[in-house]
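Q: next input, structure requested:
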Amino acid sequence: MSTEQTDRTFVRSFFTSPTAVEGDDTAEMLRKAAQLEGMQAPDVWVPDNEDATAPNMRDEGVENILDVISEYGADFPGEIHPRVVWHRDDPGTRRRGFEHMMRLADPDAGAIEHIDGFVVPEVGGIDDWKKADEFITIVESESGLEEGSLSMSPIVESGEAELAMSRIDREIGKRSNNLERLFMLVDGEVDYTKDMRAQTPAGDLPPWPELRHNTSRAASANDLIAVDGPYDDIRDVEGYRQRMTDNRAKGMTGIWSLTPGQVVEANTAPLPPQEGSYLLEVGDDTVELERTGDDAHAYDGDDVELEELGDGRYRLRIGREERELDEDELHDELRDRLRYVMAMDDYVESMTEFEEAKASGKGAISMSRTARLVLDGTEFEVTRDRMWDEATYQAAKTPITLFQEVYEARPDQREDLDERYGREVVDRAMDVG
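A: Here you go, the predicted structure:
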């Protein structure tokens with residue numbers, strides 16, 4: 001089993017590949033995935049011997065996994081977690097999944113030393129999770145592996161499985177199971193929609209924010225990792241990014257990736273931005289202001305107008321609302337509508353400043369940031385003050401800690417990260433916190 005990343009505390013990208021496809025080289029997709037590197041290489045690679053592979057090719061898929069992983073597994077920069085067949089209501093499917101795990105764990109086949117665990121789909125209630133755990137325990141015993149050395153990552157694709165997540169904390173640690181092997185909790189919204197008998201007018205998937213929240217909550221409560229399901233519209237890059245933004249607000253960093261392009265997006269999106277940006281609230285929308293060449297931030301649109309009237313008076317129109325304001329009133333109005341998205345160096349500088357203040361005996365400090373806005377051709381400066389205390393500092397550590405963990409665990413991505421942020425910023429980010 002792989003020992004390179006046994007303490008992995010993050011998963012950004014969960015990339016699946018069919019284990020066997022029609023053609024002269026049925027392992028072609030596996031072989032291409034096994035050689036991905038840098039930002040195209042996922043944190044977790046899932047040779048998918050379930051939905052991505054035709055039922056009549058799954059036995060061959062297992063042999064392909066063995067061949068490809070034994071050849072390329074030692075150099076693969078992420079973790080490897082094959083997905084086997086399983087179903088809460090079908091003993092025959094569970095048996096076949098067990099047989100496939102036994103074959104993959106054969107020490108003479110040369111692949112198991114690079115396999116970190118198994119992804120188990122279509123689980124049901126908590127007793128079904130314990131069945132899968134018991135099968136993996138038997139696989140370890142029969143293959144001469146240390147008990148608990150293979151992780152288990154269930155895919156939540158039913159109401160039963162969603163309810164089971166609320167019982168994990170009552171079952172982990174019991175002598176009758178090895179559920180400590182749990183690693184990822186993965187959402188499978190397509191089959192979940194089917195199981196819930198849900199319908200939408202256009203036949204598309206419901207957003208299921210409750211499922212993602214429940215998965216993130218269960219992962220947080222049990223020191224596991226939450227991973228969102230697949231985003232099928234692979235050309236909708238902005239939609240994929242927005243989905244990840246929504247997920248991170250729930251504490252869910254990981255997401256399923258269907259293509260190397262989605263892997264790149266999933267690997268980079270959770271990291272702090274290269275440059276800071278300002279967001280302006282305009283009606284029900286939030287608009288990102290464009291950075292100009294002279295380091296101002298400009299609004300490009302028709303819904304905001306700002307005119308200087310003289311004598312410290314301004315006319316401001318946002319949408320259909322128009323007001324005449326003095327300088328202080330305008331400042332307060334824009335300040336309340338403005339938000340700043342911190343860049344990597346902003347995090348580093350602010351955290352460093354707070355650390356120095358704390359070392360000198362201060363429990364809280366105020367930090368100011370001034371933005372030069374250009375609205376409808378008129379310039380105006382807005383200053384925001386933010387109080388930093390220990391809670392603010394700990395919240396800021398979350399993206400920096402992720403960056404530090406990625407930089408340590410993924411040496412194949414360091415060159416990309418150095419180029420993205422600059423070596424000096426990277427060095428300081430690795431030291432802060």
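Q: how many neighbours does Leu145 have?
A: Burial of Leu145 is recorded as 19 neighbouring residues (other C-beta atoms under 10 Å). All C-beta spots, glycine's among them, are computed from the backbone N, C-alpha and C.
Q: tell me the secondary structure at Ser368.
A: strand (DSSP: H, G, I helix; E, B strand; the rest coil).
Q: how many neighbouring residues does it have?
A: 8.
Q: look up how far Glu333 lies from it.
A: 18 Å (C-beta to C-beta, to the nearest Å).
Q: where exactly do the helices run in the stretch 101-250 of the chain?
A: 126-143, 159-165, 168-171, 189-195, 209-221, 237-248 (DSSP state H, counting those that start in this stretch).
Q: residues contacting Leu316?
A: Contacts for Leu316 (C-beta atoms under 8 Å, 6 or more residues apart in numbering) come out as 304-306, 322-325, 330, 333.
Q: is it possible to export those to CSV including distance to Tyr240 and neighbour count?
A: Shown next, in CSV, are the contacts of Leu316 (distance: C-beta to C-beta, whole Å; neighbours: other C-beta atoms under 10 Å):
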residue, distance to Tyr240, neighbour count
Val304, 29, 20
Glu305, 34, 15
Leu306, 34, 21
Glu322, 38, 10
Arg323, 38, 12
Glu324, 43, 12
Leu325, 40, 18
Leu330, 37, 22
Glu333, 34, 16
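Q: inside strands: which ones of the residues you listed?
A: 304-306, 322-325 (DSSP state E).
Q: is it possible to get a markdown table of these that adds distance to Thr259 and pLDDT?
A: Formatted as a markdown table, the ones in strands among the contacts of Leu316 follow (distance: C-beta to C-beta, whole Å; pLDDT from 0 to 100):
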| residue | distance to Thr259 | pLDDT |
| --- | --- | --- |
| Val304 | 37 | 96 |
| Glu305 | 42 | 96 |
| Leu306 | 43 | 96 |
| Glu322 | 47 | 95 |
| Arg323 | 48 | 95 |
| Glu324 | 52 | 97 |
| Leu325 | 49 | 97 |
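Q: pLDDT score for the residue nearest to Ala52 when sequence neighbours are not counted?
A: Nearest residue to Ala52, sequence neighbours excluded (C-beta to C-beta, 6 or more residues apart in numbering): Pro18, at 4.1 Å. Note for Pro18: predicted pLDDT of 98.
Q: still on that earlier bit, pull the most distant pair out of the contacts of Leu316.
A: Distance extremes for the contacts of Leu316: the farthest pair is Val304 and Glu324 at 15.3 Å, using C-beta to C-beta.
Q: which stretches of the stretch 1-150 of the chain have low pLDDT?
A: 1-8 (pLDDT under 70).
Q: now do 50
A: In the predicted model of the stretch 1-150 of the chain, residues 1-6 satisfy pLDDT under 50.
Q: that one: strands as residue ranges?
A: Taking DSSP state E, counting those that start in this stretch as the test, the strands found in the stretch 1-150 of the chain are 13-18, 44-48, 79-80, 117-120.
Q: tell me which of those sits nearest to Thr245.
A: Nearest of the strands of the stretch 1-150 of the chain (C-beta to C-beta): strand 13-18, 15.6 Å.
Q: among the strands of the stretch 1-150 of the chain, which is nearest Glu415?
A: Closest approach to Glu415 among the strands of the stretch 1-150 of the chain (C-beta to C-beta): strand 13-18, 18.0 Å.
Q: what packs against that closest one?
A: helix 28-34, strand 44-48, strand 254-257, helix 260-268 (3 or more C-beta pairs under 8 Å, 6 or more residues apart in numbering; DSSP states H and E).
Q: how about JSON lines for those, with distance to Glu238 and mean neighbour count added?
A: Converted to JSON lines, the helices and strands packed on strand 13-18 look like this (distance: least, C-beta to C-beta, whole Å; neighbours: other C-beta atoms under 10 Å):
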{"stretch": "helix 28-34", "distance to Glu238": "25", "mean neighbour count": "20"}
{"stretch": "strand 44-48", "distance to Glu238": "24", "mean neighbour count": "27"}
{"stretch": "strand 254-257", "distance to Glu238": "15", "mean neighbour count": "27"}
{"stretch": "helix 260-268", "distance to Glu238": "10", "mean neighbour count": "21"}
